[in-house]
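S.K.: Using only what follows, build the 3D model:
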Amino acid sequence: GQKEQRLPQIKTQGGTSMDRTYYVGNRRRFYDMMETESLAAIFAGEELWKTGDEYYPFFADRNFVYLTGLKCKSAVLLAAKAANGQVSERLYLLPPDAQAERWTGVRAKPHEAAEKSGIEDIRFLNRFEDDFSRLAASGEYAKLYLDLYRFDGNQPDRPSGRLLYDAQRYFAYLQIKNAAELTGLLRLIKQPCEIEALRRAEEKTRAGILAMMRNSYPGKFEYQYKADFDHALGQFGPEGAGFPSIISAGKNNFCIHYYSYTGRAQEGDLILNDVGAQHDNMITDVSRAWPCGGKFTDRQKMLYDCVYATSEYAFSKIKPGMPMKEVDAMIRRFNAERLVEAGVLASVDEIGKLMWHAGAHHIGYDVHDMVKMPETVQPNMVFCVDVGVYHEEWGIGFRLEDNCLVTENGCENLSAAIPRTVEEIEAVMRGE
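M.R.: Prediction:
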């Protein structure tokens with residue numbers, strides 16, 4: 001079989017802020033992984049059209065942000081690694097445009113981009129095409145790295161896709177390499193400043209979930225719960241939620257990715273949320289469930305205790321060297337055994353009736369972080385421990401999802417301070 005690609009070495013001391021040194025280091029590691037005689041073009045992306053003359057708010061490509069720290073529309077990072085291993089880099093920005101900036105905001109100035117990213121050679125975007133063509137035609141480069149990730153075939157072409165087509169047409173001798181393979185390895189192992197940012201994001205997430213718990217009552221609409229969460233996060237600054245919040249009540253909990261917020265909590269319903277805040281671009285992903293009236297029913301408590309015991313067991317077992325695939329498999333086995341013991345299932349083979357999804361996905365710059373999935377668990381990875389049970393006959397569906405930081409000898413639950421047990425949740429809802 002193929003050998004797993006060796007992971008980049010990340011220093012685990014110091015460096016607790018995402019400053020210029022952090023972004024310079026990210027690029028250096030990226031360039032170290034590039035082959036010689038290679039070009040790389042990483043794009044910030046563009047606004048997506050919504051309707052009429054309206055566009056969705058611009059959201060910068062996460063790999064571009066990871067490598068530069070910038071969120072500038074249409075910007076491009078162009079790097080060239082020579083045969084001797086020397087790397088030159090350039091950053092291309094939209095030029096100043098007083099009229100456009102009056103409507104859509106001030107554009108980043110070259111000195112500002114240089115200060116943030118550590119890139120010294122800053123040029124305007126109208127030079128990119130000529131510069132790229134000149135390098136590609138020089139005879140000094142044989143490969144081109146582009147971020148070629150596509151979620152599905154219906155996804156609109158991104159700038160990297162358009163450059164791919166042009167390169168294949170005009171510079172067919174360039175061997176195409178997928179830059180996402182490299183960033184996926186880099187983003188897998190979290191650096192100290194990234195872990196610190198996740199801790200800060202957990203504090204915001206906790207505030208949002210507590211706001212929903214403390215203001216829960218039968219008759220409340222899902223959009224009102226969401227307003228509580230958004231208001232709590234808004235007190236920390238403008239970053240807000242890291243992904244569209246999933247907040248549902250009762251039967252709506254059986255839609256795993258639910259975004260309507262139109263339901264209304266009824267007496268006896270569980271409120272499910274799957275939410276996360278962000279801090280310095282790092283995103284948490286936490287799920288909690290609670291009875292809208294403040295008291296678990298016997299059946300709700302029975303199922304919740306099984307799920308909680310499974311989560312605690314997982315956190316007691318996860319450690320470096322464990323096969324990554326075993327995390328979800330272990331969770332599934334242990335939860336099945338608890339549900340059989342509780343008399344909910346007749347056999348562990350029936351677990352598929354109640355467990356509808358796995359959950360050990362990595363988090364970071366994306367809530368489902370775009371990392372290269374490893375064969376084994378390693379220190380400084382951060383992924384979710386997500387245990388869900390969906391009992392449609394009883395009308396009870398929920399999940400308990402926490403964020404697991406792998407340490408040298410075990411792991412840490414980064415979201416442990418967000419109420420998790422039946423007793424903790426009911427105490428919060430009593431106002432204690």
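
S.K.: Can you pull out the low-pLDDT segments for the stretch 251-400 of the chain?
M.R.: The stretch 251-400 of the chain contains no residues with pLDDT under 70.

S.K.: Just list the residues touching H357, thanks.
M.R.: Counting by CB atoms under 8 Å, 6 or more residues apart in numbering, H357 makes contact with I256, D386, G388. Backbone N, C-alpha and C define where each C-beta goes, glycine included.

S.K.: Low-confidence bits of the stretch 51-200 of the chain, can you list those?
M.R.: Using pLDDT under 70, nothing in the stretch 51-200 of the chain is flagged.

S.K.: Would you map the helices across it?
M.R.: Using DSSP state H, counting those that start in this stretch, the helices found in the stretch 51-200 of the chain span residues 62-68, 98-104, 110-117, 128-136, 159-170, 179-186, 192-214.

S.K.: okay, those in JSON lines with mean neighbour count and distance to G52 next?
M.R.: What follows is the helices of the stretch 51-200 of the chain, written out as JSON lines (neighbours: other CB atoms under 10 Å; distance: least, CB to CB, whole Å):
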{"stretch": "helix 62-68", "mean neighbour count": "23", "distance to G52": "28"}
{"stretch": "helix 98-104", "mean neighbour count": "9", "distance to G52": "15"}
{"stretch": "helix 110-117", "mean neighbour count": "16", "distance to G52": "32"}
{"stretch": "helix 128-136", "mean neighbour count": "15", "distance to G52": "30"}
{"stretch": "helix 159-170", "mean neighbour count": "15", "distance to G52": "24"}
{"stretch": "helix 179-186", "mean neighbour count": "21", "distance to G52": "33"}
{"stretch": "helix 192-214", "mean neighbour count": "21", "distance to G52": "33"}
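
S.K.: Just the closest of the contacts of H357 to G25, please.
M.R.: D386 (31.0 Å; CB to CB).

S.K.: Count the residues that sit near the closest one.
M.R.: Number of residues near D386 (other CB atoms under 10 Å) recorded here: 25.

S.K.: which residues does I246 contact?
M.R.: I246 neighbours (CB under 8 Å, 6+ apart): I256, H257, Y258, Y259, L272, N273, D274, V275, S287.

S.K.: and with 6 Å instead?
M.R.: By CB atoms under 6 Å, 6 or more residues apart in numbering, the contact list for I246 reads Y258, D274.

S.K.: For it, name its beta-bridge partners.
M.R.: Using DSSP bridges, the bridge partners assigned to I246 are D274.

S.K.: hey, where'd the strands end up in the stretch 201-350 of the chain?
M.R.: Along the stretch 201-350 of the chain, counting by DSSP state E, counting those that start in this stretch, strands occupy 246-249, 270-275, 278-279, 282-283, 286-291.

S.K.: From E239, how far off is A417?
M.R.: As for A417, its distance to E239 is 20 Å (criterion: CB to CB, to the nearest Å).

S.K.: So between those two, which is more surrounded?
M.R.: Taking other CB under 10 Å, A417 and E239 do not tie; E239 has more neighbours (16 against 13).

S.K.: how about the nearest residue to the more buried one, chain neighbours excluded?
M.R.: Using CB to CB, 6 or more residues apart in numbering and skipping residues adjacent in sequence, the residue nearest E239 is Q278, 5.1 Å away.

S.K.: Give me the neighbour count for the one you found.
M.R.: 24.

S.K.: list the contacts for it?
M.R.: Q278 makes contacts with A201, E239, G242, as judged by CB under 6 Å, 6+ apart.

S.K.: and the least confident of those residues?
M.R.: Among these, E239 carries the lowest pLDDT, at 92.

S.K.: pretty sure G397 is in contact with N253, am I right?
M.R.: Yes: the criterion here is CB atoms under 6 Å, and G397 meets it with N253 at 3.8 Å.

S.K.: can you give me the mean pLDDT across stretch 404-413?
M.R.: Mean predicted confidence for stretch 404-413 is 98.

S.K.: Over to it now: how far is its first residue from its last?
M.R.: End-to-end distance of stretch 404-413 (CA to CA, to the nearest Å): 5 Å.

S.K.: Contacts for that stretch, please.
M.R.: Here stretch 404-413 has contacts from F315, I318, K319, V377, P379, M381, V382, F383, V385, D402, L414, using CB under 6 Å, 6+ apart.

S.K.: Just the buried ones from the residues you listed?
M.R.: Restricting these to buried positions leaves F315, I318, V377, P379, M381, V382, F383, V385, D402, L414, with burial counted as 16 or more other CB atoms under 10 Å.

S.K.: Report the two of those residues separated the most.
M.R.: P379 and D402 (18.1 Å).

S.K.: Stretch 282-301: which residues count as buried?
M.R.: Of the residues in stretch 282-301, 282-294, 296, 300 count as buried by neighbour count, 16+ other CB under 10 Å.

S.K.: quick one: which helix or strand includes Y390?
M.R.: Secondary structure from DSSP states H and E places Y390 in strand 382-391.

S.K.: and the angle from that strand to strand 270-275?
M.R.: 160 degrees (axes from the mean of the first three to the mean of the last three CA atoms, to 10 degrees).

S.K.: before we move on, the earlier item: mind telling me the two of the contacts of stretch 404-413 farthest from one another?
M.R.: P379 and D402 (18.1 Å).

S.K.: The strands of the stretch 201-350 of the chain: which one's closest to I209?
M.R.: Using CB to CB, the strands of the stretch 201-350 of the chain put strand 286-291 closest to I209, at 5.5 Å.

S.K.: orientation of that closest one relative to strand 270-275 in degrees?
M.R.: Going by the same axes, to 10 degrees, strand 286-291 makes 170 degrees with strand 270-275.

S.K.: Packing partners of strand 286-291?
M.R.: Counting contacts by 3 or more CB pairs under 6 Å, 6 or more residues apart in numbering; DSSP states H and E, strand 286-291 is packed against helix 192-214, strand 270-275, strand 396-406.

S.K.: R102 is nearest to which of the ones you listed?
M.R.: Among the helices and strands packed on strand 286-291, helix 192-214 sits nearest to R102 (CB to CB), with 33.1 Å.

S.K.: Other residues contacting the closest one?
M.R.: 15-18, 22, 225, 228-229, 232-233, 236, 276-280, 282, 284, 286, 288, 290, 414-415, 417-418, 428-429.

S.K.: Only the buried subset of those, as a ChimeraX command please.
M.R.: To isolate the buried members of those in ChimeraX, using 16+ other CB under 10 Å:
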select :15,18,22,225,228,229,232,233,236,276,277,278,279,280,282,284,286,288,290,414,415,418,428,429
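
S.K.: Out of the contacts of helix 192-214, name the ones that lie in helices.
M.R.: When DSSP state H is applied, the contacts of helix 192-214 are split such that Y22, Y225, D228, F229, A232, L233, V428, M429 fall in helices.

S.K.: Thanks a lot, catch you later.
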